[in-house]
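J.: next input, structure requested:
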Amino acid sequence: EPATLNPSWKEQFVKPLTVEDANGSASLFVQCEDADALSSNDPMGSVTIDLWPLRETGAVVQKSYTLEGDGAEGSVELLIQWYHNPTRHAKELDAKARREKKAADDAKRQAAQAARDEEEARRRAEEEAKRKKALEDAERRRKAREAAEAKRKAEDAERLRLLAEER
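T.: Numbering: from 1, shown residues only. From the prediction side, this is the model:
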C-alpha cells in the first residue's frame with residue numbers, strides 16, 4: 001500500500017530447502033525498505049529469523065519481529081511454516097546417491113586412466129632406455145671397429161716400413 005506506515009503485502013513465498021541447504025541450520029533474512037518514487041528506496045531495517053526450531057512442529061507461526069540495523073524503525077509481522085515433504089526428500093536423497101555414485105564411478109575411471117597413462121609412460125621410458133642403450137652399444141662397436149681398423153693400418157704401415165728398410 002503506497003503512502004502508508006502500515007503496509008500489508010499478503011504475499012506468500014515458498015523456499016524449498018534440501019538437507020544440504022539446511023546443514024543443521026536454516027535462517028530467513030528479511031530486509032524492509034520504503035518505496036520512494038523519485039529516489040532510491042531507503043532501508044528501514046532487517047531481521048534474521050532462525051527457522052530451524054520450526055522443523056519440529058510444522059505449525060504456522062505468526063510473530064512480529066523488530067527490525068534491526070542503522071536507523072531501523074518498526075517491526076514486520078510474518079506467518080512462517082516449515083513444511084517437510086518426505087517424498088521430495090526421498091527423491092533428493094536418491095538423486096544425491098546417484099550423484100555420489102556417478103562421482104565415485106568417474107573417480108574410478110579417472111584413476112584407471114591415470115594408471116594406464118602411468119603404465120604407458122613407464123613402457124615408453126623403458127623403450128627409450130633400450131633404444132638409447134642400443135645406440136650407445138652400436139656407437140661403441142663402431143668406435144671399436146674404427147680403432148681396430150686404425151690399428152691394422154698402423155701395423156700394415158709399420159710392416160711396409162720394416163720391409164722397405166730391409167731392402
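J.: tally of neighbours for the closest residue to residue 82 other than its chain neighbours?
T.: Of all residues not flanking residue 82 in the chain, residue 54 sits nearest, at 3.9 Å (C-beta to C-beta, 6 or more residues apart in numbering). To be clear about C-beta, it is placed using only N, CA and C from the backbone, and glycine gets the same treatment. Using other C-beta atoms under 10 Å, residue 54 has 18 neighbouring residues.
J.: which SS class is residue 54?
T.: With DSSP: H, G, I helix; E, B strand; the rest coil as the basis, residue 54 sits in helix.
J.: off-centre distance for stretch 55-71?
T.: Here stretch 55-71 is found 37 Å from its chain centre; the criterion is C-alpha atoms, centre = their mean, to the nearest Å.
J.: show me what contacts residue 48?
T.: 27, 28, 29, 30 (C-beta atoms under 8 Å, 6 or more residues apart in numbering).
J.: ok so, going back, correct me if wrong: the residue nearest to residue 82 contacts residue 80.
T.: Yes - if you go by C-beta atoms under 8 Å, residue 54 and residue 80 touch, sitting 6.3 Å apart.
J.: joint contacts of the two?
T.: What both residue 54 and residue 80 touch, as defined by C-beta under 8 Å, 6+ apart, is the set residue 61.
J.: which SS state does the residue most central in space within the chain fall under?
T.: The chain has residue 103 as the residue nearest its centroid, 11.6 Å off, counting by C-alpha atoms, centre = their mean. Under three-state DSSP, residue 103 falls in the helix class.
J.: let me know the distance separating it from residue 97.
T.: From residue 103 across to residue 97, the span is 11 Å (C-beta to C-beta, to the nearest Å).
J.: where along the protein do the helices fall?
T.: Taking DSSP state H as the test, the helices found in the chain are 19-22, 86-166.
J.: nearest to residue 37, of those helices?
T.: Residue 37 sits nearest to helix 19-22 of all these, at 36.6 Å, using C-beta to C-beta.
J.: that closest one - what's its average pLDDT?
T.: For helix 19-22, the mean per-residue pLDDT is 63.
J.: as CSV, the contacts of residue 48 with neighbour count, pLDDT and distance to residue 117 would be great.
T.: Formatted as CSV, those follow (neighbours: other C-beta atoms under 10 Å; pLDDT from 0 to 100; distance: C-beta to C-beta, whole Å):
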residue, neighbour count, pLDDT, distance to residue 117
27, 10, 82, 47
28, 15, 84, 50
29, 8, 87, 48
30, 13, 89, 54
